[in-house]
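[1] whatever this is, show me its structure:
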Amino acid sequence: MLDQISQLSAYLIAGLAVLHLVAFFVLADWARRERRSLAQTLNRFTEGLPNRSQLDWGTHLADQIDGFLADIDDVLAEPPGSANRSLLRQRMQIIDERRDYLQSSRFETAWNVARTMIEAYPLAGVLGTICAIGAALAGPDGGAVSTIVGRFGDAIWSTFSGLSAAIVLMLVHSYWETNFARLSESRGHVRETVSKAKRELSQRSDPS
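    Here you go, the predicted structure:
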């Protein structure tokens, strides 16, 4: 069994790395759709408000989200009882039922798993190397030097595959890490702003 594992370890690591790479592309598309959904929700929140940020829809979605949050803060800065605060309150009561801005745990969990699993590839390469050496020592000749040298190729390729996969995936993750982290930050800002708006708009001085 050790013999089979040592011979197939490099191929297994390479196959898992390809699947891991596909997972990062799926996460990138998922993050893009999450940002678009969040931006559309905030657009509905602020639709009809005066002095609303006029951003080109080609603008990065994270910048659109920041602009919408600034619009909400501007309305909250108005005196209690203003028409804009009443309008925002009505929209919030309707749209907040969906709570799109709270649905982030699945993406963040998947991202954390994909990021953490990168660290497993060097360990898998070392494990393949140990299996190759163990197969040589457990051979019928009792671990002769010629047998160990013969298994040296499997050991080297296993380690090489593990390290190469980790390096490539780290580079891929670093390319998208900023976007993933910015999505999480945007959701945090949205939760804080919506919580603040709900708290301030529910004050008695704001008529229904």
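
[2] which residues in the chain form helices?
    Ranges of helices within the chain are 2-46, 61-76, 83-95, 105-116, 120-137, 145-201, based on DSSP state H.

[3] other residues contacting the shortest one?
    Among residues not part of helix 105-116, those counted as contacts by Cβ atoms under 8 Å, 6 or more residues apart in numbering are His20, Ala23, Phe24, Leu27, Trp30, Ala31, Glu34, His173, Glu177, Phe180, Leu183, Ser184. All C-beta spots, glycine's among them, are computed from the backbone N, C-alpha and C.

[4] one more time with 7 Å, if that's ok
    His20, Ala23, Phe24, Leu27, Trp30, Ala31, Glu34, His173, Phe180, Ser184 (Cβ atoms under 7 Å, 6 or more residues apart in numbering).

[5] circling back: could the helices of the chain go into JSON lines alongside mean pLDDT and mean neighbour count?
    Shown next, in JSON lines, are the helices of the chain (pLDDT from 0 to 100; neighbours: other Cβ atoms under 10 Å):
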{"stretch": "helix 2-46", "mean pLDDT": "82", "mean neighbour count": "17"}
{"stretch": "helix 61-76", "mean pLDDT": "73", "mean neighbour count": "19"}
{"stretch": "helix 83-95", "mean pLDDT": "72", "mean neighbour count": "16"}
{"stretch": "helix 105-116", "mean pLDDT": "89", "mean neighbour count": "14"}
{"stretch": "helix 120-137", "mean pLDDT": "82", "mean neighbour count": "20"}
{"stretch": "helix 145-201", "mean pLDDT": "80", "mean neighbour count": "17"}
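
[6] my read: Leu69 touches His189, true?
    Yes. Between Leu69 and His189 there is a contact at 5.8 Å, judged by Cβ atoms under 7 Å.

[7] just name the closest of the contacts of helix 105-116 to Ile156, please.
    His20 (22.1 Å; Cβ to Cβ).

[8] quick check: the residue lying closest to that closest one once chain neighbours are set aside vs Thr116, distance?
    The shortest distance from His20 to any non-neighbouring residue, by Cβ to Cβ, 6 or more residues apart in numbering, is to Leu169 (5.8 Å). Between Leu169 and Thr116 the computed distance is 11 Å (Cβ to Cβ, to the nearest Å).
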